[in-house]
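> predicted model, plus sequence, below.
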Amino acid sequence: MASQDVNGPEQLAPSTGSRPAPCFREGDSVTNNSGTRCGLIGDEPPRWVAASRLDSGELLAGHWSYAVAWDGQMGFTINYAEDLLRHADAKTDQGEVG
């Protein structure tokens, strides 16, 4: 009989529903939350980061992570969590970038 880890991903998720759809796809123009950097979502597929629990007991929800090539970075990409990014067009429409 297999033992169950009480801190396993199935125990961390608030429900067993499916993952949310990714908000971004390859080539999307994005900014960071403050609108001070602009870049593009790279050609790497989005990666799902499973929910986890910190040593403090705080639950971190699962989220999508994206490779972002920031302007001026010569093709170098860095992975960012979805909640740290915004669609560049939305920021431009609001007059926050430009």
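Arrived safely.

> would you map the strands across the chain?
Here the chain has its strands, by DSSP state E, at 29-32, 38-41, 47-49, 52-53, 59-60, 63-70, 78-81, 85-87.

> closest one to Pro22 among those?
With Cβ to Cβ as the criterion, Pro22 lies closest to strand 63-70 of the strands of the chain, at 4.7 Å. For glycine as for every other residue, the C-beta is placed from the backbone atoms N, C-alpha and C.

> and that closest one, C-alpha only, in CSV?
C-alpha atoms of strand 63-70 as CSV (Å, rounded to 0.1, in the frame of the first residue of the first chain):
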residue,chain,number,x,y,z
HIS,A,63,1.0,29.5,-11.6
TRP,A,64,2.3,29.8,-15.1
SER,A,65,5.9,30.9,-15.7
TYR,A,66,7.1,32.4,-19.0
ALA,A,67,10.4,33.1,-20.6
VAL,A,68,10.6,36.8,-21.2
ALA,A,69,13.1,38.6,-23.4
TRP,A,70,13.3,42.2,-22.1
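
> packing partners for that strand?
strand 38-41, strand 47-49, strand 78-81 (3 or more Cβ pairs under 8 Å, 6 or more residues apart in numbering; DSSP states H and E).

> average pLDDT across that strand?
Confidence for strand 63-70, expressed as mean pLDDT, is 97.

> quick one: strands adjacent to that strand?
Using DSSP bridges, the strands paired with strand 63-70 are strand 38-41 (antiparallel), strand 47-49 (antiparallel), strand 78-81 (antiparallel).

> contacts for it?
Outside strand 63-70, the residues that touch it by Cβ atoms under 8 Å, 6 or more residues apart in numbering are 19-20, 22-24, 30, 37-44, 46-49, 75-83, 85.

> repeat that with 7 Å
Residues outside strand 63-70 that contact it (Cβ atoms under 7 Å, 6 or more residues apart in numbering) are 22, 24, 30, 37, 39-42, 44, 46-49, 75-83, 85.

> cheers, nothing more for now.
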